[in-house]
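**Q** Generate a structure from the sequence data that follows.
(one chain, ligands or ions: 1)
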Amino acid sequence: MTNRVTKAVLPVAGFGTRFLPATKSVPKEIMPLVDRPLVQYAIDEARAAGITEFIFVTSRGKSALEDYFDSAPELEKALHDGKKHHLIEALKQTDMDSGAVAYIRQQERRGLGHAVWCARRLIGDEPFAVILPDDVIDADKPCLQQMVEAYAEHGGNMVAAMEVEHSRVSSYGILDVKSESGASMKVQGMVEKPQPEDAPSDLAVIGRYILSPQILRNLDTMDSGAGGEIQLTDAIAAEIEKNDNVYAYRFQGRRFDCGSKSGYLQATVAFGMARDDLRPEFVEFLRSYLENDAPKPAIRAV
Ligand code: G1P
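**A** Sure, this is the predicted structure:
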């Protein structure tokens, strides 16, 4: 079996309840960091890693996502007529090759493992990546590309990993590592959302995976785990028992948890600051805002 990874699954079926009411009609993945939707960062990272086929696992109410990766003839004509060439250029990042993107419905929300399993017929019998667009990772070399390079050496299954605060381990899949060699680690156990006192370490799985098709067969059992959901972590952990081929990769880069309001705000500040067109005014605003003890606006984001 080849080690080349050309397909990525992007599970995007969640309600995004932490961002209600906004996410009542706007999919969370379309929420922007400055002016690019979260999903665009995921697609760019995947492309840099050599991914050419994208499988979105969606749900009812996510049609904005499909429109985002479709052509928009009226808009394009208006920009063209107005000679807005830089905007036409900006739209190019949303272009998808014909047939390169597929949307699968997850009819019932039964967990991340179930969402990935829904894509099994399109994945077939080859290794595939999973990208959780909530985890935005800023890195000189995109995180998935770092992983693809490490994966080429040993195959198997690989998850992205980073240390988190001990008090936060119950929000993550947590790894039990047997040995380390550079950034790659051999994994001997993993557990989804343990209580801090039960966690084998503070090393958490972050939303990038390169998985063997065997994971899909492990998911066939539909066993439910933490929170009563079908967990991807459990299907990967089963491979430790069966084939002892699970690795974790300590990526270089800074991860923003855009599934949480605070992480999303942090990412907005960081990505806004990085923009030459915005930075001077933004720095000026933040400086005086903090000097004045962060005055609360009268209109609140409740
Ligand atoms: C999911 C995974 C978890 C992983 C996390 C990374 O959890 O189930 O193992 O650590 O993503 O963001 P979720 O954030 O969907 O609850």
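
**Q** residues in the stretch 51-200 of the chain within reach of the ligand, list them.
**A** Leu112, Leu132, Asp135, Tyr172, Gly173, Glu192 (CB under 6 Å from any ligand atom). C-beta here means a position set from N, CA and C on the backbone, and glycine is covered the same way.

**Q** got a list of what the nearest residue in space to Arg36 that is not next to it in sequence touches?
**A** Nearest in space to Arg36, with sequence neighbours left out and distances taken as CB to CB, 6 or more residues apart in numbering, is Gln93 at 7.7 Å. Residues near Gln93 by CB atoms under 8 Å, 6 or more residues apart in numbering: Arg36, Gln40, Ile43, Asp44.

**Q** Among those residues, which lie within strands?
**A** Arg36 (DSSP state E).

**Q** most surrounded residue in the contacts of Gln93?
**A** Ile43 (22 neighbours; other CB atoms under 10 Å).

**Q** For it, give me its contacts.
**A** So Ile43 contacts Phe54, Gln93 (CB under 8 Å, 6+ apart).

**Q** now the one 3 residues further on
**A** For Ala46, the contact set (CB under 8 Å, 6+ apart) comprises Ala8, Phe54, Ala129, Ile131, Leu144.

**Q** Can you name the residues in contact with the helix or strand containing the third one?
**A** When secondary structure is defined using DSSP states H and E, the element that contains Ala129 is strand 128-131. Taking CB under 8 Å, 6+ apart as the criterion, the residues outside strand 128-131 that touch it are 5, 7-11, 42, 45-46, 49, 51, 116, 144, 148, 207-211, 213, 232.

**Q** Test for you: state the pLDDT assigned to the closest residue to the ligand within the chain.
**A** Closest to the ligand within the chain is Gly173: 2.6 Å, counting by CB to the nearest ligand atom. Gly173 carries a pLDDT value of 98.

**Q** my guess is it meets Ala160, correct?
**A** No - counting by CB atoms under 8 Å, Gly173 sits too far from Ala160 to count as a contact (10.6 Å).
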